[in-house]
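Participant: any chance you could fold what I've pasted below:
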Amino acid sequence: MAANQKYEAFVTAAKTGSFKKTAEILGYTQAGVSYMMNSLEQEIGTALFTRDHAGARLTVDGRNLLPWIQDVCASEQALQTRIAELRGGGAGSLRVAAFASVAIQWLPGIMERFLRDNPAIEYELVIYESQDEMEAAVRRGEFDCCFALLPTSLDLFAIPLARDPIYAVLPVDHPLADAPFFPKESMAAEPYIKVRNADDTTEFDTVFARHGVVPRVRFAMDNDYAVMGMVDKGFGFSLFPQLVLDGSPFRLARVELEFPTYRELGIAVRSYSRASMATKAFVEYARSWVAERTASDDPGEAR
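Facilitator: Numbers count the residues shown, from 1 in each chain. All right, here's what the predicted structure looks like:
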């Protein structure tokens, strides 16, 4: 039995916590997965899983070996992709991870151009709310690249794409809706409607810290449009980057902050030198498309 089959089963079982689910995902029998794990444990000379009625949990040794085996699986996937490219004259697959705002505002335009010139590429997109989880998935080799906030927390090869300005978002009838900037005194005094995401902290926490402000959080919600709706109805202000605000169905005023603030958006890969030809091509298409979009943005549209 090939080692890569055992490694793939090991990584999948570590992720699912179940030999039964692993068998369903990989197309084996549960007994087959159990046999592979027993065989792998004998080869390595240590127990990798604790089995009980609740499923299969990694042992300490199993957790220590997991990132190494993930690296082997990722390298195997990269090798198979490269072989397929060579045999297929450039065809291959592309697995992309991104935030919803990037998937909505950028990816349709990028992919329209990329797939027009590379019609044989198989394309997969997955949306993440947590950047930490997204980076970890790319690091494990589950995706070829991801669109992320820079700098990344993991050791990924990241390429900057664009600066995305962050605005104070107010009801259109707010007294400061037409102000040249939203003062930090208002950031501290007015009720704040917070976007809560899957990570413990958000990019906006650093914005408040930069202004020396502790916000008066009135509501915390995990949906951008829910927050925008509350702002529209006058319950408070919020902070949003331009990319999220573009195309919003709500009547909102965008006001620059007293200290203009941006977030840096980029595209990240596990290793550029080992990336597939399809991935490298996609990175270049993304850079070109975003550069053209950024150059054509009219500053007068900020409000």
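Participant: how about low-confidence regions in this structure?
Facilitator: 1-3, 78-91, 198-201, 298-303 (pLDDT under 70).
Participant: now for the nearest residue to Pro249 once chain neighbours are set aside, how many residues are close by?
Facilitator: Distances taken as Cβ to Cβ, 6 or more residues apart in numbering put Tyr225 closest to Pro249, at 7.8 Å, once the chain neighbours are dropped. Any C-beta I mention is one placed from the backbone N, CA and C, and that applies to glycine too. Counted with other Cβ atoms under 10 Å, residues neighbouring Tyr225 total 13.
Participant: and for the one 5 residues further on?
Facilitator: The burial metric for Met230, expressed as a neighbour count using other Cβ under 10 Å, is 19.
Participant: using CSV, write out every CA atom in the host helix or strand of it.
Facilitator: Element membership of Met230, judged by DSSP states H and E, is helix 224-232. Extracted in CSV, the C-alpha atoms of helix 224-232 (Å, rounded to 0.1, in the frame of the first residue of the first chain):
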residue,chain,number,x,y,z
ASP,A,224,-21.9,42.9,7.3
TYR,A,225,-25.3,43.7,5.8
ALA,A,226,-27.0,43.3,9.2
VAL,A,227,-24.6,46.0,10.6
MET,A,228,-25.2,48.2,7.5
GLY,A,229,-28.9,48.0,8.0
MET,A,230,-28.7,49.1,11.6
VAL,A,231,-26.5,52.0,10.6
ASP,A,232,-29.0,52.9,7.9
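Participant: and that helix, how far from the chain's centre?
Facilitator: Computed by Cα atoms, centre = their mean, to the nearest Å, the chain-centroid distance of helix 224-232 equals 22 Å.
Participant: may I see the buried residues of that helix?
Facilitator: Asp224, Val227, Met228, Gly229, Met230, Val231, Asp232 (16 or more other Cβ atoms under 10 Å).
Participant: let's have these in TSV, adding distance to Ala281.
Facilitator: What follows is these, written out as TSV (distance: Cβ to Cβ, whole Å):
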residue	distance to Ala281
Asp224	31
Val227	37
Met228	36
Gly229	40
Met230	42
Val231	40
Asp232	41
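Participant: which member of these is positioned nearest Gly17?
Facilitator: Asp224 (31.6 Å; Cβ to Cβ).
Participant: the closest one contacts Arg196, correct?
Facilitator: No - at 10.6 Å, Asp224 does not count as touching Arg196 under the criterion of Cβ atoms under 8 Å.
Participant: can you give me the helices for this protein?
Facilitator: Along the chain, counting by DSSP state H, helices occupy 3-16, 19-26, 30-44, 60-88, 100-105, 107-117, 131-139, 184-189, 203-211, 224-232, 242-245, 277-296.
Participant: on that earlier part again, now flag whichever of the buried residues of helix 224-232 is closest to Lys280.
Facilitator: For the buried residues of helix 224-232, the nearest to Lys280 is Asp224 (32.0 Å; Cβ to Cβ).
Participant: how close does that closest one sit to Ala177?
Facilitator: As judged by Cβ to Cβ, to the nearest Å, Asp224 and Ala177 stand 20 Å apart.
Participant: top strand in this protein by residue count?
Facilitator: Longest strand of the chain, by residue count under DSSP state E: strand 252-269.
Participant: for it, packing partners?
Facilitator: If you count contacts as 3 or more Cβ pairs under 8 Å, 6 or more residues apart in numbering; DSSP states H and E, strand 252-269 packs onto helix 131-139, strand 145-150, strand 157-171, helix 184-189, helix 203-211, helix 224-232, helix 242-245, helix 277-296.
Participant: okay, the longest one in PDB with CA atoms only?
Facilitator: This means helix 277-296. Taking Å, rounded to 0.1, in the frame of the first residue of the first chain, the C-alpha atoms of helix 277-296 are listed here in PDB:
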ATOM      1  CA  MET A 277       1.900  26.900 -13.600                       C
ATOM      2  CA  ALA A 278      -1.800  27.500 -13.300                       C
ATOM      3  CA  THR A 279      -1.300  29.200  -9.900                       C
ATOM      4  CA  LYS A 280       1.500  31.400 -11.100                       C
ATOM      5  CA  ALA A 281      -0.500  32.400 -14.100                       C
ATOM      6  CA  PHE A 282      -3.500  33.200 -11.900                       C
ATOM      7  CA  VAL A 283      -1.400  35.300  -9.600                       C
ATOM      8  CA  GLU A 284      -0.200  37.400 -12.500                       C
ATOM      9  CA  TYR A 285      -3.800  37.800 -13.800                       C
ATOM     10  CA  ALA A 286      -4.900  38.900 -10.400                       C
ATOM     11  CA  ARG A 287      -2.100  41.500 -10.100                       C
ATOM     12  CA  SER A 288      -2.900  42.900 -13.600                       C
ATOM     13  CA  TRP A 289      -6.700  43.000 -13.100                       C
ATOM     14  CA  VAL A 290      -6.500  44.600  -9.600                       C
ATOM     15  CA  ALA A 291      -3.900  47.200 -10.800                       C
ATOM     16  CA  GLU A 292      -6.200  48.200 -13.700                       C
ATOM     17  CA  ARG A 293      -9.200  48.400 -11.400                       C
ATOM     18  CA  THR A 294      -7.300  50.500  -8.800                       C
ATOM     19  CA  ALA A 295      -6.100  52.900 -11.500                       C
ATOM     20  CA  SER A 296      -9.600  53.400 -12.800                       C
END
